[in-house]
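S.K.: only geometry, no sequence info:
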């Protein structure tokens, strides 16, 4: 339960960190809050030659509100979002989600960018950022690029990041009307990774609903059919649960994950999506 | 690597391997063995200490990452009124048996007492989800924290919140 040896560097600026990462591509790992990498180092699931500590870089702590977006630096910790020290672009959803991540002692260290970059399929932020239509600012010594959160994870703990790249910031679009939202997480105990996690965001006065499911799939699943069903609902009744079940089955089949879910898995996901939808509709 | 931090108010300089956790530094280098390392992957909460006033896992933080920070362990609460009350009620409510989880429980209780003065039993339970105890069944711990909050913030602490 002790990490294998590694070298350690704590660059003083983002540019220096990117240079170090680029010069050590493939042998260096970024350490921000260390709440995902820390366990992996201790369990020797990760054995980097060089750990680059970006936990104190001011450039990654920035929070800005522009005309079109709330931009959250990748190094902002979950507790700062939980406590409302970061503006909430999603009508309270960011605070709710942050408060449900692991435990306070973990939230005081773990960062939003680190959670996204780690790409655990059961993690809280990836489905939220997809549902909100967020984009990720990616930086390397070679330059910058911006990609939709929906295109970021490619598999379990796998992303589109090149070895010399890091997430610099998360851009959450600011809707003209505050979105209505629902969020539900089913886990073995408070703070545990999700068995099922559903996020529903309703935009444009009910015309468009975005539903995303995470927990037991390799990457979060965008539920297009379920979203269409939710967008058509004006008030909640037991019929709506059936409509969501139909939509969910269609989505799971379309993503080719229906066969991997047992009837119990499906029931858990359906309950989760249904509760998130109900909250969003009622909000 | 050299690391300089303030440990329970004392300027402390150490020479550690980069892979040394803050928890191991506290125990093995500084011989403050009140901090207990349990699971060493962030789940059990026994190693929780305050860093710059906030509870954090000392098993998941590198000692070198704590350079320049203020670290407070279970040994560092001499004369602290809040911690004195919490300890008294931990004792009165039988909130510990073997004591392994207790340093982390106390750090978490201290955070609850300062951050969540209005917390009810359900909230206390929720906040304790990151600290495992295998002796008490938690009821004594919840009792102790509830009584500590009443003692520190007044028994009308919840109604005052509703009124405000």
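M.R.: Looks like it arrived, so ask away. The structure presented is a predicted model; accordingly, all values stated were derived computationally and were not measured.
S.K.: could you check how far residue A:266 is from residue A:273?
M.R.: As judged by CB to CB, to the nearest Å, residue A:266 and residue A:273 stand 10 Å apart. Glycine gets a C-beta too; all of them are placed from N, C-alpha and C.
S.K.: overlap of the contact sets of those two?
M.R.: Here residue A:266 and residue A:273 share the contacting residues residue A:248, scored by CB atoms under 8 Å, 6 or more residues apart in numbering or on different chains.
S.K.: the more surrounded of the two?
M.R.: Higher neighbour count among residue A:266 and residue A:273: residue A:273, with 29 against 17, using other CB atoms under 10 Å in any protein chain shown.
S.K.: ok, the closest residue in space to that one that isn't next to it in sequence - how many residues close by?
M.R.: In space, residue A:273 comes closest to residue A:198 once its chain neighbours are excluded; the distance is 4.3 Å by CB to CB, 6 or more residues apart in numbering or on different chains. For residue A:198, the neighbour count with other CB under 10 Å is 32.
S.K.: tell me the secondary structure for residue A:198?
M.R.: State at residue A:198, reduced to three classes by DSSP: H, G, I helix; E, B strand; the rest coil: strand.
S.K.: which residues does it bridge with?
M.R.: residue A:184, residue A:213 (DSSP bridges).
S.K.: and it, how close does it get to chain B?
M.R.: Distance check for residue A:198 against chain B: by CB to the nearest CB, to the nearest Å, it reads 21 Å.
S.K.: what sits against that residue?
M.R.: Applying CB under 8 Å, 6+ apart to residue A:198 gives the contacts A:127, A:182-185, A:211-214, A:269, A:272-273, A:275-277.
S.K.: closest to chain B among those?
M.R.: residue A:185 (13.0 Å; CB to the nearest CB).
S.K.: which stretches of chain B form strands?
M.R.: For chain B, the strands defined by DSSP state E occupy B:2-7, B:10-15, B:48-51, B:54-57, B:70-72.
S.K.: for these, which one sits closest to residue A:158?
M.R.: strand B:54-57 (25.8 Å; CB to CB).
S.K.: and that closest one, average pLDDT?
M.R.: Across strand B:54-57, pLDDT averages out at 98.
S.K.: equivalent analysis for stretch B:106-123, please.
M.R.: Summarised as a single mean, pLDDT over stretch B:106-123 is 97.
S.K.: which residues does it contact?
M.R.: A:104-105, B:45, B:48-50, B:54-55, B:74, B:77, B:82-83, B:85-87, B:90, B:124, B:127-128, B:130-131, B:141-142, B:144-146, B:148-149, B:152-153, B:157-158, B:161.
S.K.: quick one: terminal-to-terminal distance for that stretch?
M.R.: Start to finish, the residues bounding stretch B:106-123 are 16 Å apart (CA to CA, to the nearest Å).
S.K.: try stretch A:179-197
M.R.: 19 Å.
S.K.: kindly report the same for stretch B:25-34.
M.R.: 12 Å.
S.K.: likewise for stretch A:202-219?
M.R.: 22 Å.
S.K.: please apply the same query to stretch A:196-213.
M.R.: End-to-end for stretch A:196-213, by CA to CA: 7 Å.
S.K.: next: stretch A:84-97.
M.R.: 12 Å.
S.K.: name the residues that touch it?
M.R.: The contact list for stretch A:84-97 (CB under 8 Å, 6+ apart) reads A:63, A:65, A:69-70, A:72, A:76, A:80-83, A:124-125, A:128, A:132, A:172-174, A:178-181, A:183, A:199, A:201, A:283.
S.K.: mind giving me the PyMOL command for buried ones among the contacts of residue A:198?
M.R.: In PyMOL, this line selects whichever of the contacts of residue A:198 come out buried by 16 or more other CB atoms under 10 Å in any protein chain shown:
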select buried, chain A and resi 127+182+183+184+185+211+212+213+214+269+272+273+275+276+277
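S.K.: what's the closest of the contacts of residue A:198 to residue A:222?
M.R.: Of all those, residue A:222 sits closest to residue A:212, with 5.6 Å by CB to CB.
S.K.: what separates the closest one from residue A:184, distance-wise?
M.R.: Distance from residue A:212 to residue A:184, counting by CB to CB: 12 Å.
S.K.: again with residue A:89
M.R.: 20 Å.
S.K.: ok, how many other residues are close to the residue nearest to residue A:67 when sequence neighbours are not counted?
M.R.: Nearest residue to residue A:67, sequence neighbours excluded (CB to CB, 6+ apart): residue A:174, at 8.0 Å. Residues lying near residue A:174 (other CB under 10 Å) number 16.
S.K.: what ranges of chain B fall below the confidence cut-off?
M.R.: When residues are selected by pLDDT under 70, those of chain B lie in B:161-164.
S.K.: show me which residues of it are close to chain A?
M.R.: Applying CB under 8 Å from any CB of the partner chain, we find that chain B lies next to chain A at B:1, B:17-19, B:21, B:24, B:40-42, B:45, B:48, B:51, B:54-57, B:59-62, B:64-65, B:67, B:107-108, B:111, B:126-127, B:129-131.
S.K.: thinking again about what came up before, from residue B:90, how far off is the residue nearest to residue A:67?
M.R.: For residue A:174 relative to residue B:90 (CB to CB), the value is 47 Å.
S.K.: check residue B:99 too.
M.R.: Residue B:99 is 10 Å from residue B:90, by CB to CB.
S.K.: between the two, point out the one with more neighbours.
M.R.: Neighbour totals were compared for residue B:99 and residue B:90, and residue B:90 leads with 22 against 11 (other CB under 10 Å).
S.K.: these two touch, right, residue B:13 and residue B:4?
M.R.: Yes: between residue B:13 and residue B:4 there is a contact under CB atoms under 8 Å: 5.1 Å.
S.K.: and for residue A:192, the neighbour number?
M.R.: 16.
S.K.: relative to chain B, how far out is it?
M.R.: From residue A:192 to chain B the distance is 8 Å (CB to the nearest CB).
S.K.: contact partners for the one residue in chain B that gets nearest to chain A?
M.R.: Nearest to chain A, among the residues of chain B, is residue B:130, at 2.4 Å (CB to the nearest CB). For residue B:130, the contact set (CB under 8 Å, 6+ apart) comprises A:102, A:103, A:104, A:105, A:106, A:191, B:45, B:48, B:108.
S.K.: what's the neighbour count on the last one?
M.R.: Other residues within reach of residue B:108, judged by other CB under 10 Å, total 25.
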